[in-house]
Each structure stands twice: as structure tokens, then as C-alpha cells.
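Enquirer: sequence-free structure coming up:
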């Protein structure tokens, strides 16, 4: 059996979004974790496909 690794991520979200995520998970028959992981995976894939942004310190100009 393959070893599975888990990372626990603590984030602060507002109550309304939390309730909407729970509702979305219930609509899909998924756990809260499954919905959040799938959503993060899609957003990360999308962000990695974008051109990188160069962030500069405005005080260095």
C-alpha cells in the first residue's frame, strides 16, 4: 500500500463562505476537505499556467 501524506492547513475565512463551502460539498456528496482540495488544485493549476508576475519593492526604485 502506498504511503499517504497529509498536511493540515489552517486558514481564516468568513462564516458566509464557510457555510457556502459546506453547502457545495453536500450538493456534490463530498466532504469539506474534498471540495477544498479539488478547488485548490484547480486554482493552483490555473495560476501555474499564467505568466509569472514580478513583485518589486517600491522603496528600491
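Expert: Yep, it's here. Computed from a predicted structure; not experimentally measured.

Enquirer: do you know the pLDDT at the residue most central in space within the chain?
Expert: Of all residues in the chain, the one closest to the mean position by CA atoms, centre = their mean is residue 40, 3.0 Å from it. With respect to pLDDT, residue 40 has a value of 94.

Enquirer: mind checking the SS state of it?
Expert: Secondary structure, DSSP: H, G, I helix; E, B strand; the rest coil: residue 40 is helix.

Enquirer: need the contact list for the residue nearest to residue 31 when sequence neighbours are not counted.
Expert: Spatial nearest neighbour of residue 31, excluding adjacent residues (CB to CB, 6 or more residues apart in numbering): residue 25 at 6.2 Å. C-beta here means a position set from N, CA and C on the backbone, and glycine is covered the same way. Taking CB atoms under 8 Å, 6 or more residues apart in numbering, we find residue 25 in contact with 31-32, 34-35.

Enquirer: again, but for residue 51
Expert: Contacts of residue 51 (CB under 8 Å, 6+ apart): none.

Enquirer: counting neighbours, what do you get for residue 41?
Expert: 10 (other CB atoms under 10 Å).

Enquirer: where's it relative to residue 23, distance?
Expert: When distance is defined by CB to CB, to the nearest Å, residue 41 is 20 Å away from residue 23.

Enquirer: dihedrals phi and psi, residue 56?
Expert: phi -120, psi 150 (degrees, to the nearest 10).

Enquirer: one step back: tell me which residues in the helix or strand encompassing the residue nearest to residue 31 are buried?
Expert: In this structure, residue 25 sits in helix 15-28 according to DSSP states H and E. Residues of helix 15-28 classed as buried: residue 25 (neighbour count, 16 or more other CB atoms under 10 Å).
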